[in-house]
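Novice: next come a sequence and a model predicted from it.
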Amino acid sequence: MYFGDYKNFPDVTLNPKLLWEFNLSDFDYNEMRDLVVQRVIERGWPKDWYFILNKYGVAGVKLAIKNLAYLNDKDMSFVSHQFNIPLTSMKCYEKKQSVNLHWNS
């Protein structure tokens with residue numbers, strides 16, 4: 001895993017700009033895990049990855065990835081490869097496959 005050394009960065013914080021629309025003083029990071037993971041996948045820097053891996057653990061991040069309703073193809077392939085998650089077990093992949101495209105309908 002590319003971020004396998006995340007335990008070396010236990011005090012790293014999440015960039016608050018990733019959650020710009022929320023009041024972070026009362027933000028529940030556990031309840032909003034899937035959203036936080038999605039924002040880090042889409043827009044995060046390495047320190048943001050270290051934050052979610054320390055906060056939720058590898059298993060928690062993998063579970064959140066599997067539950068995400070949308071990721072673009074590049075991000076989907078990246079997390080599939082990095083976390084050894086088959087594309088077919090990701091909700092966003094299944095949802096994408098079930099959508100009829102204009103030229104395929």
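Specialist: Sure, I can see it. Residues are numbered from 1 along each chain as shown.
Novice: when you work out contacts or count neighbours from here on, use the C-alpha atoms and nothing else.
Specialist: OK.
Novice: list phi and psi for T13.
Specialist: phi -120, psi 160 (degrees, to the nearest 10).
Novice: tell me the confidence at it?
Specialist: Looking at T13, its pLDDT reads 95.
Novice: mind checking pLDDT for the residue lying closest to it once chain neighbours are set aside?
Specialist: The shortest distance from T13 to any non-neighbouring residue, by Cα to Cα, 6 or more residues apart in numbering, is to F51 (5.9 Å). Here, the pLDDT recorded for F51 equals 97.
Novice: name the helices or strands packed onto whatever helix or strand F51 lives in?
Specialist: In this structure, F51 is located in helix 46-67 according to DSSP states H and E. Secondary-structure packing of helix 46-67 (3 or more Cα pairs under 8 Å, 6 or more residues apart in numbering; DSSP states H and E): helix 33-43, helix 91-98.
Novice: pick out the shakiest of those, pLDDT-wise.
Specialist: Among the helices and strands packed on helix 46-67, helix 91-98 scores lowest, at a mean of 77.
Novice: how about residues contacting it?
Specialist: Contacting residues not belonging to helix 91-98 are listed as 66-71, 76, 87-88 [Cα atoms under 8 Å, 6 or more residues apart in numbering].
Novice: which among those residues count as buried?
Specialist: 66, 68, 70-71, 76, 87 (16 or more other Cα atoms under 10 Å).
Novice: just give me the closest of the contacts of helix 91-98 to L24.
Specialist: L68 (21.8 Å; Cα to Cα).
Novice: tilt between the helix or strand of the chain with the lowest mean pLDDT and helix 46-67?
Specialist: Every helix and strand in the chain was compared by mean pLDDT, DSSP states H and E; the lowest is helix 91-98, with a mean of 77. Angle of helix 91-98 versus helix 46-67, following axes from the mean of the first three to the mean of the last three Cα atoms, to 10 degrees, is 50 degrees.
Novice: many thanks, I have nothing further to ask.
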